[in-house]
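Trainee: Need a 3D model of the following:
(2 chains, ligands or ions: 2)
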Amino acid sequence: MNLLSISSSPHIRSNITTRNIMLYVCAALFPSAIVGMAYYGWWQIGLLLVIGVLTAVLSEAILQKILHIPYSYLDGSAALTGLLLVLTISPMSPWWMPLIGSFVAILSKQVFGGMGQNPFNPALIGRATLLLSFPIESTQWVSPFTHLTTATPLNLYKMANFGIEGLNQVIASLGGTLQLTYRSLLLGLRGGSIGEICLPAMLVGFLFLLFTKVVSWRITCSYLITVIVLSLLFKLDVVVMLLSGGIVFGAFFMATDYVTSPLLPKNQLIFGFGVGFMNMVIRRFSGMPEGTTFAVLIMNIITPLLDQSIKKPVGFSKEVKQS
Amino acid sequence: MSKTFFPGGIHLKDNKECTRDLPIELFKDPEVAVILMSQHLGKPAKPIVQAGDKVKIGQLIGEAQGDFSSNIHASISGEVIKVTPASHPVSIEDMAVTIQNDHQSEWYQVLNTKKENVLFSREELLEIIKKNGIVGMGGATFPTHIKLNPKNPVDTLIINGAECEPFLTCDFRLMMEQSDALLNGIKVILKILPVKQVIIGIEENKKEAIKQLKSLIEKTDFSAQVRVETLKEKYPQGAEKNLIFALTKRTVQIGKLPFDIGVVVQNVATVIAIFEAVYFKKPLIDRVLTVTGYGIKEPKNLRVKIGTPVQELITFCQGNTENPGKVIFGGPMMGIAIRSLETPIMKGTSGVLVLNGNIPYQENQCIRCGKCVENCPAGLMPVKITESAKIGEYVQYEKLFVSSCIECGVCSYNCPAAIPLLNYIRLAKAELMKRRNQK
Ligand code: SF4
Ligand code: SF4
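Mentor: Residues are numbered from 1 along each chain as shown, chains lettered A, B, ... in the order given. Ligands and ions are numbered 1, 2, ... in the order given. Below is the predicted model:
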């Protein structure tokens, strides 16, 4: 008897794959990368991007070989990590910064067993390492186009301890009236990391991810709402708070990382709130001007805890549990 | 507004266009019919014929073993050539009666042709349904006489015309071509179960059927009681619990059955079979199914005798029988892949699907995207069950409500990492069963 091949159901599969998802996120970062290059120089930024992405993919391949993890370095996740890393560093970074950053990022993922096992957002581990190891190179901020050294609006604001004086400094640094300040902040005409400056570019990418259902709105929304509420509570300028520093980039692309954020919708809201809260606490009370990186990393620690909770299935009732 | 269930569910490409407009064709009686004794949930029937016996169409050849079983009838006339095990889609091999066709096409009983005389009592009707071996034809094959005799009073009858599996169109064709039979079947059920409301649930991709049934119901004398509801096109809309929720907003509690909340669900094809049994005295000896899939050149909707080897259908529809890839009884999401082309059509076979080869399940690492959790219509966490099943951590199974899984396949279908989640869940289920039985 001629036997047929069998398998259990389902017998069809959707065409969603890990690689598709990673490529979608890369595509979503594309506008921000382009704006970064346009603002800070095509060659300079382009080179950093290439180094960052290539290093990430190569380190993944090498580490997978050494650690005997099945090869998956071409599934797009390493490239994405590299891309994310470069977009969060200073535009004046020397070429070896993305090299080190990407390597550390991938290392932090692979030592835990690779894809899906890493507790921390790899790109942010890379960035944090650079920030702590090379504080000077990591915080060289320049204005777009002119490349004149400047402080980030957040720095200025913080140095004046968030007083009105600080706000005036911000206004002065961006060119005059309050109106103009908001416009400049919106367009990203200020000092900051390569990818985090231009809201419209990030928004286009994020909406694309929402529309294609790659990410859900929950983490991002609860994060941003927490930031807004706390800014009002601390009596800070909400627009400056949102549009300077890396909050929006973090809320769109960092906190939403699948692996390091919780599974259940309810917990995603809690997670978003936690990141927002930590972020604002760091900004307001710590010695550092910016806190997105560490806020996300801190909440990454909590994720496994949040993931302990079990969803109640349809038709669940107390009686059932007892029986 | 079309109704739907939540949480979970996904939209599938329905792939129904190649057969939805093709009228049901009568497939010729097979040369040899292999009639399995286990075509239903419950105990297999016991063969009551021997090799050499002459049988006629509709003659009882397998006797139900107890109440939770079902009668089996000859689907063709001829000589019994053997009573031996044959290919079975689930249990690999099972007892079957093989009949050689004598092409006399003689019936065992005189069929009724008049429609009027259905003045049976409730008990008589149930007996007719039982005697004629009617079982749920949507795939579950639950004996119908039991389902229509619930322990609790019910107030709602749901007719399942969702047909949410991609590719299949047989229920749609039945609703289009045999709407009278469907409505009369509902009348019969109403005599058995005097419910307050009858809801026919149909997915919105079958607009013609919705329209036609609506206008026909208006002309009947029970139009106040029966209504058609449009369902959103979302898989698994036709799964019993989801359908009940979509149409009545009632939830079947874990461990309970639909009749506990006053609902009975019947599939379209079953209702028509009930009608034929009651009005014509016709046992369940044939059924309508869709032969389709990428490996079939001329997909069709066919009325086929039970016991027809699937090979004949594939040949008839210009499919490749040399190297067919994968052949599935039922739909692509919940159907069963069969091992041999000699496997015969059964009462619950709603489709024959020929797919070219296997889908590549190159299992990658879970990226914790949460899609499986979000899409599970039973509200489970497939990723967690899988994690526990991989390391055999069975104490977790119960906490994760493994037994609530309806095996719809959504989690495996949509996992970006191509993890066959449902396979792991089945492992967990089986293990849980085993341990419970040991206790
Ligand atoms: S859908 Fe697949 S990859 Fe996503 S969480 Fe579930 S098991 Fe993991
Ligand atoms: S197969 Fe089971 S676990 Fe998977 S989605 Fe369906 S009900 Fe949920």
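
Trainee: Does chain B have contacts with the top helix by length along chain A?
Mentor: Longest helix of chain A, by residue count under DSSP state H: helix A:42-66. No. Contact of helix A:42-66 with chain B (Cβ under 8 Å from any Cβ of the partner chain) is absent, the minimum separation being 11.4 Å. In this view, the C-beta of every residue, glycine as well, is placed from N, C-alpha and C.

Trainee: Check which helices and strands that helix sits against.
Mentor: helix A:18-40, helix A:77-87, helix A:96-110 (3 or more Cβ pairs under 8 Å, 6 or more residues apart in numbering or on different chains; DSSP states H and E).

Trainee: near chain A, which residues of the stretch 201-350 of chain B?
Mentor: Counting by Cβ under 8 Å from any Cβ, the stretch 201-350 of chain B sits next to chain A at B:241, B:245, B:251-256, B:324-328, B:332-342.

Trainee: and the residues you listed, which are buried?
Mentor: In terms of neighbour count (16 or more other Cβ atoms under 10 Å in any protein chain shown), the buried residues within these are B:241, B:245, B:251-252, B:254, B:324-328, B:332-341.

Trainee: can I get the helices and strands packed on helix A:42-66 in TSV with mean neighbour count, mean pLDDT and distance to ligand 2?
Mentor: Shown next, in TSV, are these (neighbours: other Cβ atoms under 10 Å in any protein chain shown; pLDDT from 0 to 100; distance: least, Cβ to the nearest ligand atom, whole Å):
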stretch	mean neighbour count	mean pLDDT	distance to ligand 2
helix A:18-40	20	95	19
helix A:77-87	29	96	25
helix A:96-110	24	95	28
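
Trainee: quick one: which of the ones you listed is nearest chain B?
Mentor: Nearest of the helices and strands packed on helix A:42-66 to chain B, taken as Cβ to the nearest Cβ: helix A:18-40 at 4.9 Å.

Trainee: List the contacts of stretch B:121-133.
Mentor: B:64, B:70-73, B:120, B:143-145, B:148-149, B:188, B:191-192, B:273-274, B:277-278, B:281-284, B:347 (Cβ atoms under 8 Å, 6 or more residues apart in numbering or on different chains).

Trainee: Out of the residues you listed, which sit inside strands?
Mentor: B:72-73 (DSSP state E).

Trainee: by how many degrees do the longest helix of chain A and helix A:18-40 diverge?
Mentor: Interaxial angle, helix A:42-66 versus helix A:18-40 (axes from the mean of the first three to the mean of the last three Cα atoms, to 10 degrees): 150 degrees.

Trainee: so where's the stretch 51-200 of chain A uncertain?
Mentor: Residue ranges of the stretch 51-200 of chain A with pLDDT under 70: A:159-165, A:174-180.

Trainee: quick one, phi/psi of B:Arg287?
Mentor: phi -160, psi 160 (degrees, to the nearest 10).

Trainee: I'd say it and B:Ile306 touch.
Mentor: Yes. With contact defined as Cβ atoms under 8 Å, B:Arg287 counts as touching B:Ile306 (6.7 Å).

Trainee: residues near residue 43, how many?
Mentor: Since you didn't name a chain, this refers to chain A. 9 (other Cβ atoms under 10 Å in any protein chain shown).

Trainee: Hmm, no, I was thinking of chain B.
Mentor: By other Cβ under 10 Å, neighbour count at B:Lys43 equals 15.

Trainee: Test of understanding: give the bridge partners of it.
Mentor: The partner list for B:Lys43 in beta bridges (DSSP bridges) reads B:Ser69.

Trainee: Next: the one 4 residues further on.
Mentor: Counting by DSSP bridges, B:Pro47 forms beta bridges with B:Gly62.

Trainee: which ones are touching it?
Mentor: Applying Cβ under 8 Å, 6+ apart, the residues contacting B:Pro47 are B:37, B:61-62, B:83, B:95, B:97.

Trainee: Would you mind measuring from the nearest residue in space to B:Phe142 that is not next to it in sequence to chain A?
Mentor: Excluding its sequence neighbours, the residue lying closest to B:Phe142 (Cβ to Cβ, 6 or more residues apart in numbering or on different chains) is B:Gly136, at 4.5 Å. Separation of B:Gly136 from chain A (Cβ to the nearest Cβ, to the nearest Å): 18 Å.

Trainee: Identify the residues contacting B:Gly136.
Mentor: B:Gly136 neighbours (Cβ under 8 Å, 6+ apart): B:142-144, B:147, B:266-267, B:270, B:348.

Trainee: who wins for neighbours among the residues you listed?
Mentor: Most surrounded of these: other Cβ under 10 Å gives B:Thr270, at 30 neighbours.

Trainee: quick one, what contacts the spatially closest residue to that residue that is not a sequence neighbour?
Mentor: The shortest distance from B:Thr270 to any non-neighbouring residue, by Cβ to Cβ, 6+ apart, is to B:Met137 (4.7 Å). Applying Cβ under 8 Å, 6+ apart to B:Met137 gives the contacts B:267, B:269-270, B:273, B:284, B:287, B:347-348, B:350.

Trainee: 7 Å instead?
Mentor: Neighbouring residues of B:Met137 by Cβ atoms under 7 Å, 6 or more residues apart in numbering or on different chains: B:267, B:269-270, B:273, B:287, B:347-348, B:350.

Trainee: pLDDT added to those residues, as JSON lines?
Mentor: Shown next, in JSON lines, are the contacts of B:Met137 (pLDDT from 0 to 100):
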{"residue": "B:Asn267", "pLDDT": "95"}
{"residue": "B:Ala269", "pLDDT": "96"}
{"residue": "B:Thr270", "pLDDT": "96"}
{"residue": "B:Ala273", "pLDDT": "96"}
{"residue": "B:Arg287", "pLDDT": "96"}
{"residue": "B:Lys347", "pLDDT": "95"}
{"residue": "B:Gly348", "pLDDT": "93"}
{"residue": "B:Ser350", "pLDDT": "94"}
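
Trainee: which one of the residues you listed is nearest A:Ser102?
Mentor: B:Ser350 (53.2 Å; Cβ to Cβ).

Trainee: Is the residue in the stretch 101-250 of chain A that ligand 2 sits nearest to within a helix or a strand, and which one?
Mentor: Nearest residue of the stretch 101-250 of chain A to ligand 2: A:Lys213, at 16.7 Å (Cβ to the nearest ligand atom). Element membership of A:Lys213, judged by DSSP states H and E, is empty: it is in no helix or strand.

Trainee: any idea how far it is from ligand 1?
Mentor: Separation of A:Lys213 from ligand 1 (Cβ to the nearest ligand atom, to the nearest Å): 13 Å.

Trainee: Quick one: mean pLDDT for the biggest helix by length in chain B?
Mentor: When chain B is parsed with DSSP H, its longest helix is helix B:421-438. Here the mean pLDDT over helix B:421-438 is 89, rounded to a whole number.

Trainee: Which elements pack onto that helix?
Mentor: In terms of contacts (3 or more Cβ pairs under 7 Å, 6 or more residues apart in numbering or on different chains; DSSP states H and E), helix B:421-438 is packed against helix B:382-390, helix B:395-399, helix B:410-414.

Trainee: Out of these, which is the most enclosed?
Mentor: helix B:410-414 (a mean of 27; mean count of other Cβ atoms under 10 Å in any protein chain shown).

Trainee: Just the CA atoms of that one, as PDB, please.
Mentor: The C-alpha coordinates for helix B:410-414 follow below in PDB (Å, rounded to 0.1, in the frame of the first residue of the first chain):
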ATOM      1  CA  VAL B 410      -5.000  29.200  15.200                       C
ATOM      2  CA  CYS B 411      -1.900  29.300  17.400                       C
ATOM      3  CA  SER B 412       0.200  27.000  15.100                       C
ATOM      4  CA  TYR B 413      -1.100  28.800  12.000                       C
ATOM      5  CA  ASN B 414       0.000  32.200  13.100                       C
END
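
Trainee: tell me the average confidence for it?
Mentor: The model assigns helix B:410-414 a mean pLDDT of 95.

Trainee: roughly how far is that helix from the heart of the chain?
Mentor: Relative to the chain's own centre, helix B:410-414 is displaced by 21 Å; criterion: Cα atoms, centre = their mean, to the nearest Å.
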